[in-house]
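Engineer: got a predicted model here, sequence first, then my questions.
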Amino acid sequence: MTSRPSLRQALGALTYGNYRRFAVSLLLTSLGVQLLQTSILWQVHEITGSALLLGLTGLARALPHMALSLVGGVIADRVDRVRLIQIGQVANAVLVLALASLTFTGAVEIWHLYLITVLNSSFTALTQPARTALIPWLIPQGNLVNAVALNATISQVSQIAGPAAAGVTIATLGLGSAYALNGALYGLAMVSILWIRAPVPRASDGESPWRSLLDGLIFVRSKPVIISLLALDASATVLGSYRALLPIFATRLGVGAEGYGLLSAAPGIGSVIGAAVLLSLGDMRYKGLYTLFGVLAYSFALVLLALSPWFLLTLVAAGLLGTTNSVQMIPRNSAILTISPDSLRGRVEAFRSMLAGGGTPLGYMLSGGLAAAIGPPLALLVGASACALFVVGIGLKRRELRDPELGTAKDPDRVQAAGVIESESGPAGARRP
């Protein structure tokens, strides 16, 4: 009898219609992202066979994120967030359908792949802050950790199904069909949120976009705990990057495109397991410690991936990377969302997205460059060691990460943020439906 209430609690955010529509859109969009990234990595490897050029796809993805995420945050705090997300989905659908056409006709060249990567990353950078900032408006405050965990589960399910579907589609129908499927998913994602209604944020009277951007950065700077949490994430995404090297590991292990798809999907399976565990914990305390030990465990899983001589053990290591990533990501993101007031949430999320979205591709470039110089296994070992040392150092230095109330209703930072909003615009949360 106790399992039913637990299940209802774990899926609590899905009882709200707007969140259900958002979740469907997120699933379809995430599947499209995974299909595109997996297919482009395989096509670059197929055309060039170069670890360095695989890594450079990361640079093509990182630069737009670094340049445009903060702009996206300012936009997200000024316009209809739902419509902004839809515009990005339509633009990305057009891009991948153009790439499908080039691939079907045999006209695709390596520069096309980099250009599509840059443009896709640009639209994602401009819309991602709006997507995350929208979540607290779709569910009551008490369900926020649940919604963040479900978002992580949805994203990681896509990391299972997306790469696996890409591997099967590439092997059976070809790369052009994989891109065409990707375009269809983006289109359906746009349709699924047509009926979501959320308030349009209002900028302060007379406030310029530049002033809005500065206000967001000033708020982040005033919260050392947010900076610490983001630094931990950056250590994993930049120093502990491994995805750009998976085509090489798959080739060395002799498992081809199908095995590459499974290796790319394994972190998603692990992430779902990690998210399920955290869903059962509810609004846990010690979110900072979860983040610290999650990134540290991620480093050890990376060592296992580097040293594994067998495909099955490599799959296990990749799965553990996903599990440990969920353990650090869900508490970290829920804490940041809780601390940030709604009027600044888009810009705070933009800063997080800039580091996460830009850091991951930069990690691709770093791991690809190291692999070209010293070989893939040693490159992962160097990255894992650097990541672990960074985590230990920041964990010892930043006491706020050990606060048991971090990111909960009793968090002093949350109370202080609410007080700021109340003093500026009336009672905290007064504009919330």
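Structural biologist: Done, it's in.

Engineer: tell me the contacts of the closest residue to V94 other than its chain neighbours?
Structural biologist: Distances taken as CB to CB, 6 or more residues apart in numbering put G183 closest to V94, at 7.7 Å, once the chain neighbours are dropped. In this view, the C-beta of every residue, glycine as well, is placed from N, C-alpha and C. By CB atoms under 8 Å, 6 or more residues apart in numbering, G183 lies in contact with 32, 93-94, 96-97, 100.

Engineer: which one of those is nearest G187?
Structural biologist: Nearest to G187 among those: A93, at 4.9 Å, using CB to CB.

Engineer: flag every buried residue along the host helix or strand of that closest one.
Structural biologist: Element membership for A93 (DSSP states H and E) is helix 81-104. The neighbour-count check on helix 81-104 (16 or more other CB atoms under 10 Å) flags 81-82, 84-89, 91-93, 95-100, 102-103 as buried.

Engineer: now stretch 247-257
Structural biologist: 247-250, 253, 255, 257.

Engineer: quick one: terminal-to-terminal distance for it?
Structural biologist: 8 Å (CA to CA, to the nearest Å).

Engineer: about what we covered before: quick check, nearest of the contacts of G183 to E349?
Structural biologist: Of the contacts of G183, the one sitting nearest to E349 (CB to CB) turns out to be G32, at 20.5 Å.

Engineer: show me where the protein has its strands.
Structural biologist: Here the chain has no strands by DSSP state E.

Engineer: centre of the chain to stretch 375-384, how far?
Structural biologist: Averaging C-alpha positions (CA atoms, centre = their mean, to the nearest Å) puts stretch 375-384 23 Å from its chain's average.

Engineer: mean confidence for it?
Structural biologist: Averaging pLDDT along stretch 375-384 gives 86.

Engineer: and for stretch 402-422?
Structural biologist: 54.

Engineer: again, but for stretch 313-327
Structural biologist: 87.

Engineer: which parts of that stretch are buried?
Structural biologist: Neighbour-count burial for stretch 313-327 [16+ other CB under 10 Å]: 314-327.

Engineer: again, but for stretch 297-305
Structural biologist: 297-299, 301-305.

Engineer: list the ones among those that fall in helices.
Structural biologist: Among those, the members found in helices (DSSP state H) are 297-299, 301-305.

Engineer: wait, which of the residues you listed is closest to L36?
Structural biologist: For these, the nearest to L36 is L305 (23.3 Å; CB to CB).

Engineer: look at L312 and say how many residues are nearby.
Structural biologist: Look at L312: counted by other CB atoms under 10 Å, it has 9 neighbours.

Engineer: what does stretch 362-372 rub up against?
Structural biologist: Taking CB under 8 Å, 6+ apart as the rule, stretch 362-372 contacts 50-59, 61-62, 237-245, 248, 378-380, 382-383.

Engineer: how about a cut-off of 7 Å?
Structural biologist: 51-52, 54-59, 62, 237-238, 241-245, 248, 379, 382-383 (CB atoms under 7 Å, 6 or more residues apart in numbering).

Engineer: out of those residues, which are buried?
Structural biologist: Using 16+ other CB under 10 Å, the buried ones in these are 51, 54-59, 62, 237-238, 241-245, 248, 379, 382-383.

Engineer: least confident of the buried residues of stretch 247-257?
Structural biologist: A257 (74).

Engineer: pLDDT weak spots in the stretch 51-200 of the chain?
Structural biologist: 141-145, 159, 198-200 (pLDDT under 70).

Engineer: circling back: from the ones in helices among the buried residues of stretch 297-305, pick the one nearest V220.
Structural biologist: Closest to V220 out of those is Y298 (23.8 Å), distances taken as CB to CB.

Engineer: could you tell me how many residues sit around R398?
Structural biologist: R398, neighbours per other CB under 10 Å, totals 18.

Engineer: err, L217, not the other one
Structural biologist: L217, neighbours per other CB under 10 Å, totals 16.

Engineer: ok, N182 next?
Structural biologist: 31.

Engineer: do the one 5 residues further on as well
Structural biologist: G187 is surrounded by 18 other residues when neighbours are defined as other CB under 10 Å.

Engineer: and it, what is it in contact with?
Structural biologist: A93.

Engineer: where does N325 sit relative to M66, distance-wise?
Structural biologist: Counting by CB to CB, to the nearest Å, the gap from N325 to M66 is 21 Å.

Engineer: my bad, should have said V82
Structural biologist: 26 Å.

Engineer: re earlier: redo the contacts of G183 as a markdown table? Include distance to T127.
Structural biologist: Below are those laid out as a markdown table (distance: CB to CB, whole Å):
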| residue | distance to T127 |
| --- | --- |
| G32 | 13 |
| A93 | 13 |
| V94 | 14 |
| V96 | 15 |
| L97 | 18 |
| A100 | 22 |
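
Engineer: pretty sure A350 is touching L68, no?
Structural biologist: No. A350 is not in contact with L68 according to CB atoms under 7 Å; the separation is 9.0 Å.

Engineer: higher neighbour count, the two?
Structural biologist: A350 (32 against 24).

Engineer: quick one: contacts for the closest residue to that one other than its chain neighbours?
Structural biologist: The spatial neighbour of A350 that comes closest, neighbours along the chain excluded (CB to CB, 6+ apart), is G73 at 2.3 Å. By CB under 7 Å, 6+ apart, the contact set of G73 is 129, 216, 346-347, 349-351.
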